[in-house]
Every structure is written in C-alpha cells, then in structure tokens.
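[1] Only the shape, not the letters, is given here:
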C-alpha cells in the first residue's frame, strides 16, 4: 500500500531530515517509529531534505506499507505518534496513488522565513525566528521580491556543495507580510517555487532583509542573478527562521485532515 504522511516537526534538535550515522534526524525518527509500532522496515521518502535546524509545518512523505498489516491508512498517523519524539508529529496519513513518490511528484513548495523586530532577544520568538533590531524598509524588500520572481538561474543564491544538475529554478511568488504577535512586530517572507537549491531560501531571505536595510541595491541583486556571483550577496541566514509550509502535487492528498 503506497502511503503518504503529512508531517510537522520542530527542527531545533535534529541534524536535518536525512538519516545520518551519528546524529538524530527526522527521517530516522519516523522509520524507527514504523519499526516499533508495526514491525515495518521501510524507507520514508520526504518531499525534500530540510537542513539541520529547519522546521516543517507541512512536510509530505511517502512509503510502501505492507498490505499484510491490517490497518486503515488514516489510523497510521495516530499509531506512529505514540512512538515519535514530541518534536515530530504525523498530522495525517492516507493511501497514496500507485507509484506516488513524495519527492519526485512535488510540483510546488512553499517555505517561510520569519523575522521579529526587537532591540533585545525575546524568548518566545527566538526558537523559530531571527531577530532584527529595527524594522526594515518594506517597500525596498517588496521591490527586491518582485525582481526575484519568475524563472532565473539562482546560482548566486546557492551555497557551495549543491549537487543540483541545474541552478535554474522558478519562483512563482515571493511575498513579504508584516504583522504583530504578542505585541512584537513580525515579518514573514514566503517563497513558493518549483524547487530550491541548497540554502537557497535562507540566502533569498537574507537578500530581502539586506535590501530593506539599505545594504543591497536592486542593481546588485539583478547583477547577482545575471552573473551567479555569490559574493554580491550577504550572509546565509540562520536555519531556525525557516519553515517548510506546504508541498503541492497537482491533486489533493490530505483534504480531509485539513478540514
């Protein structure tokens, strides 16, 4: 039975998604829970490999679940949650179409990078957002966001070590939203695209913040896109501000779980 899981996790204590020899990972936690609850030793394939410290609100995974184990697909989620660490929860489980692969079938992914504005660290935000001391220029951030939308060669927005065969990607939308939580100003930068390079979202978010802080001009951002020169851009932002929000496949997978 081809099965899809909708998974959320706090990435703080994990060395990323992919199984590693000597470090805890989300994939390892899911596969261990499958073995402990059902005696199933199966590879869980995620829609993408989130890095160490990156969170997820809507990671999608797929696995082959033996038909010999008599359990409805919808009950797999609750069963796994009895053995998963508190930082990982399966929000939904369903029978997936034959041959469904959570990684290869993904059409769009949406990531969010979160920032809060405060002169001092706030303990209720530090785990999931990055602090900036002053509110950046939102108009400048949105102008840079518009520049980044569309199909481009994002070589300059990728960290060294990427194994991607091509650095061309399409950003369908880049949105900067301002709000307030617990009396603290917050910014959410949402990036929806057909795929992302290694550290790409964290570098994109850094470029938007640099544009808003007057440290990156539109002409420099455009030159980075044109030339692929990483040195034209600022630093890669910390992982803790990044969350995988959702993955789209061109057909609904978890409509019942989402209401």
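    Yep, that arrived. Bear in mind that the values here come from a model prediction, so they are computed numbers and not experimental data.
[2] so where does residue 20 fall, helix or strand?
    For residue 20, there is no enclosing helix or strand under DSSP states H and E.
[3] Please apply the same query to residue 185.
    strand 184-193.
[4] helices or strands up against that strand?
    strand 108-117, helix 138-148, strand 168-181, helix 200-212 (3 or more C-beta pairs under 8 Å, 6 or more residues apart in numbering; DSSP states H and E). Using the backbone N, CA and C atoms, a C-beta is placed for each residue, glycine as well.
[5] So for it, what gets flagged as buried?
    186-193 (16 or more other C-beta atoms under 10 Å).
[6] wait, isn't residue 62 in contact with residue 6?
    No: counting by C-beta atoms under 8 Å, residue 62 sits too far from residue 6 to count as a contact (11.0 Å).
[7] Looking at the helices and strands packed on strand 184-193, which is nearest to residue 241?
    Of all those, strand 108-117 sits nearest to residue 241, with 5.1 Å by C-beta to C-beta.
[8] neighbours around residue 249, how many?
    Per other C-beta atoms under 10 Å, the neighbour tally for residue 249 reads 17.
[9] Make sure it is actually in contact with residue 103.
    No: with contact defined as C-beta under 8 Å, residue 249 does not reach residue 103; the gap is 10.9 Å.
[10] can you list contacts of the strand holding residue 185?
    Identification of contacts with strand 184-193 by C-beta atoms under 8 Å, 6 or more residues apart in numbering yields 108-118, 122, 125, 129, 135-136, 138, 141, 145, 169-180, 201, 204-205, 208, 245.
[11] I'd like the distance from it to the chain centre, please.
    13 Å (C-alpha atoms, centre = their mean, to the nearest Å).
[12] what's the answer for stretch 52-69, then?
    The answer for stretch 52-69 is 14 Å, by C-alpha atoms, centre = their mean.
[13] Likewise for stretch 245-257?
    15 Å.
[14] Give the buried residues for that stretch.
    Neighbour-count burial for stretch 245-257 [16+ other C-beta under 10 Å]: 245-249, 253-254.
[15] any chance of those residues in a markdown table, with secondary structure, distance to residue 33 and pLDDT too?
    Formatted as a markdown table, these follow (DSSP: H, G, I helix; E, B strand; the rest coil; distance: C-beta to C-beta, whole Å; pLDDT from 0 to 100):
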| residue | secondary structure | distance to residue 33 | pLDDT |
| --- | --- | --- | --- |
| 245 | strand | 23 | 98 |
| 246 | strand | 23 | 97 |
| 247 | strand | 21 | 97 |
| 248 | strand | 26 | 96 |
| 249 | coil | 24 | 96 |
| 253 | coil | 20 | 89 |
| 254 | coil | 19 | 87 |
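[16] which one among those gets closest to residue 96?
    Distances from residue 96 to those, taken by C-beta to C-beta, are shortest for residue 253, at 6.9 Å.
[17] hang on, that closest one packs against residue 3?
    No: the pair residue 253 / residue 3 is not scored as a contact, 10.7 Å apart, by C-beta under 8 Å.
[18] Could you pull out the residues contacting both of these two?
    94, 96.
[19] residue contacts, the residue of the chain most remote from its centre?
    No residue in the chain sits farther from the centre than residue 68, which is 33.9 Å out by C-alpha atoms, centre = their mean. Contacts for residue 68 were tallied using C-beta under 8 Å, 6+ apart; there are none.
[20] Can you give me the neighbour number for residue 83?
    The local packing of residue 83 (other C-beta under 10 Å) involves 15 other residues.
[21] what secondary structure does the residue nearest to it when sequence neighbours are not counted sit in?
    Distance criterion C-beta to C-beta, 6 or more residues apart in numbering; nearest residue to residue 83, sequence neighbours excluded, is residue 33 at 4.1 Å. The three-state label given to residue 33 by DSSP: H, G, I helix; E, B strand; the rest coil is helix.
[22] Fine by me, thanks again.
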